[in-house]
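J.: need a 3D model of the sequence below.
(one chain, ligands or ions: 2)
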Amino acid sequence: MGLVEWLKSQVVCSLLIGYVFLGSGLLVNLLQLCTLPVWWFNKQLARTINCRLAYCISSQGVALLDWWSGTKCTLYTDPKMFPLYGAENAIVVLNHNFEIDFVCGWSFCERFGVLGSSKVLVKKELAYVPVIGLMWYFLEIVFCKRKWEEDRIKVRQSLQNLRDYPENFWFLLFCEGTRFTPEKHRISMEVADKKGLPHLKHHLLPRTKGFWVTVQNLRGSVAAVYDATLNFRNNETPTLLGLLRGKKYHADLYVRRIPLESIPEGEAECAAWLHKLYQEKDGFQEQYIQTGRYPGPIVNIQRRPGPLLIWLCWWALVLYPLGVVLVSMLNSGSTVTILASVAICSAASYLFFRWMIGKTEISKSSGYGIKGEKNS
Ligand SMILES: CCCCC/C=C\C/C=C\CCCCCCCC(=O)SCCNC(=O)CCNC(=O)[C@H](O)C(C)(C)COP(=O)(O)OP(=O)(O)OC[C@H]1O[C@@H](n2cnc3c(N)ncnc32)[C@H](O)[C@@H]1OP(=O)(O)O
Ligand SMILES: CCCCCCCCCCCCCCCCCC(=O)OC[C@@H](O)COP(=O)(O)O
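T.: Ligands and ions are numbered 1, 2, ... in the order given. Next up is the predicted model:
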């Protein structure tokens, strides 16, 4: 391990990244709150401003992935479809196996210019995560309780609101509804048996209602479904902690563009279509595991410097006041008081960031998809 790698792997670096994220995020959240009056007289302007503000937060995840950890992202897709990516609204259907799949999603969004505006059908529990929750609220992200009877009206209404969104967006759906674990897989295959559906090896059985309601309500304003399958080279199981410690991974993403007109309108037909899509996705995963690649050509898309530049600006803006406080403490207080304050603050921040990072960890995943267990 070289000196730079060693430095990156130190806890103090992860803590500093956390401070920058929290400090900048709270500032952006405050600015988002200040846009509230704008919603009354110019809704589209307020939405555009919020897209830019959200970019200032989520681009930090991209900087962490692309520049700090140096993770490579390779795209397999039809080059003829490439010019459409980012130039149209799309529903993205992605497998849900990895703790950092949302960061990789952000990175691809950034490369196609839709990072600030992108949406997701997300579990309600994440609305209470500091920084991210409020950012998503102002982005009109669609929250669900994963209880269809309680969700159906709210989800439908939130989707309808997006029909006149002023920026191109990708709407992400993890149709499996929860992260893959062997136990959830076993249970979902029991459900597949009951429904007479073929077994999937690498996916949970997809939940079809969210997909159907999204297609139905965004028809006419979304041009296509992007069927996306993500994997990491060398059988890696990447983590957010790994990224924070500067560990480099290699993500491979396979994207197929499917025109929305080709998706059936009726609920039952749409559900059958989605089940068939997941059977195909399972085949692509199997091919990747056997051969180390997906079908189709590779299209190179380079990381862009924007997220790095914004990140560096945040570092200067957030860490400067922290440095000033530390220096003034050193000059004023007794050594024991200073050491005790630094130790308490560091321990408290460590616990807080550990809790935030825990939200991404599959070992702390919800009981959703396991009979009789709670969702959160
Ligand atoms: C590469 C490009 C990337 C682009 C990235 C773009 C944007 C990035 C932006 C942000 C990134 C941030 C990412 C954040 C990640 C967080 C995401 C999440 O929170 S995932 C969880 C929330 N989302 C979902 O759950 C979506 C999928 N779920 C659904 O669609 C559900 O239908 C629902 C709408 C949530 C409702 O769920 P509910 O459980 O209430 O109802 P269902 O009808 O679905 O379930 C009953 C149905 O399912 C059968 N069943 C029972 N048990 C199981 C089981 N274990 N597995 C499968 N199926 C099961 C049951 O028999 C019922 O069947 P039926 O309807 O036929 O009777
Ligand atoms: C990221 C930028 C810099 C990091 C600085 C360190 C601070 C940590 C930031 C943490 C950000 C938290 C974002 C949470 C997103 C988690 C997405 C996710 O994967 O959710 C899981 C759900 O889909 C399904 O839930 P389960 O039913 O599997 O349970």
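
J.: in this protein, which helix is the longest?
T.: Looking across the chain with DSSP state H, the single longest helix is helix 306-332.

J.: so what does that one touch, helix or strand wise?
T.: Identification of packing neighbours for helix 306-332 by 3 or more Cβ pairs under 8 Å, 6 or more residues apart in numbering; DSSP states H and E yields helix 11-34, helix 43-63, helix 335-358. Just so you know, the C-beta spots here come from the backbone N, C-alpha and C atoms, and that holds for glycine as well.

J.: in the first one, which residues are buried?
T.: Yep, that's helix 11-34 we're talking about. Of all the residues in helix 11-34, those buried under the rule 16 or more other Cβ atoms under 10 Å are 14-25, 27-29, 32.

J.: could I get the phi/psi values of the residue in the chain sticking out farthest from the centre?
T.: No residue in the chain sits farther from the centre than Ser334, which is 44.8 Å out by Cα atoms, centre = their mean. The phi/psi pair for Ser334 (degrees, to the nearest 10) reads phi -80, psi 150.

J.: Asp252 now?
T.: Dihedral angles (degrees, to the nearest 10) for Asp252: phi -120, psi 130.

J.: does any part of the one helix or strand Leu241 maps to sit near ligand 1?
T.: Element membership for Leu241 (DSSP states H and E) is helix 240-244. No. Using Cβ under 6 Å from any ligand atom, no contact is recorded between helix 240-244 and ligand 1, whose separation bottoms out at 12.5 Å.

J.: which strands or helices does that helix pack on?
T.: Packing partners of helix 240-244 (3+ Cβ pairs under 8 Å, 6+ apart): helix 11-34, helix 335-358.

J.: write out the residues of the stretch 251-376 of the chain neighbouring ligand 2.
T.: Close to ligand 2, as judged by Cβ under 6 Å from any ligand atom, the stretch 251-376 of the chain has residues 353, 356-357, 359-360, 365-366, 368.

J.: give me the buried subset of those.
T.: Buried among these (16+ other Cβ under 10 Å): 353, 356-357, 360, 365-366, 368.

J.: farthest-apart pair in the residues you listed, please.
T.: Spatially, the most separated pair among those is Phe353 and Tyr368, at 25.0 Å (Cβ to Cβ).

J.: for stretch 231-242, list every residue counted as buried.
T.: For stretch 231-242, by 16+ other Cβ under 10 Å, it's 231-232, 238-242.

J.: one more: stretch 34-50?
T.: Quick answer for stretch 34-50 (16+ other Cβ under 10 Å): 35, 38, 46-50.

J.: and what of stretch 141-161?
T.: Residues of stretch 141-161 classed as buried: 141-144, 146, 151, 155, 158-159 (neighbour count, 16+ other Cβ under 10 Å).

J.: repeat for stretch 315-332
T.: For stretch 315-332, burial by neighbour count (16+ other Cβ under 10 Å) applies to 315, 318.

J.: out of the buried residues of stretch 231-242, the closest to ligand 2 would be?
T.: Distance to ligand 2 across the buried residues of stretch 231-242 (Cβ to the nearest ligand atom) is lowest for Leu240, with 6.5 Å.

J.: contacting residues around stretch 328-348?
T.: With contact meaning Cβ atoms under 8 Å, 6 or more residues apart in numbering, stretch 328-348 is reached by 15, 326.

J.: OK, contacts around the residue sitting nearest the centre point of the chain?
T.: Geometric centre of the chain, nearest residue: Phe102, 2.4 Å, by Cα atoms, centre = their mean. Counting by Cβ under 8 Å, 6+ apart, Phe102 makes contact with 61, 360.

J.: which of the residues of the stretch 251-376 of the chain next to ligand 2 sits closest to Glu261?
T.: Among these, and counting by Cβ to Cβ, the member closest to Glu261 is Tyr368, at 32.4 Å.

J.: that closest one should be in a strand, yeah?
T.: No. Read with DSSP: H, G, I helix; E, B strand; the rest coil, Tyr368 is coil and lies in no strand.

J.: hmm, Glu88 is touching Trp170, no?
T.: No. Using Cβ atoms under 8 Å, Glu88 is not in contact with Trp170; the gap is 9.5 Å.

J.: sweet, I'm off.
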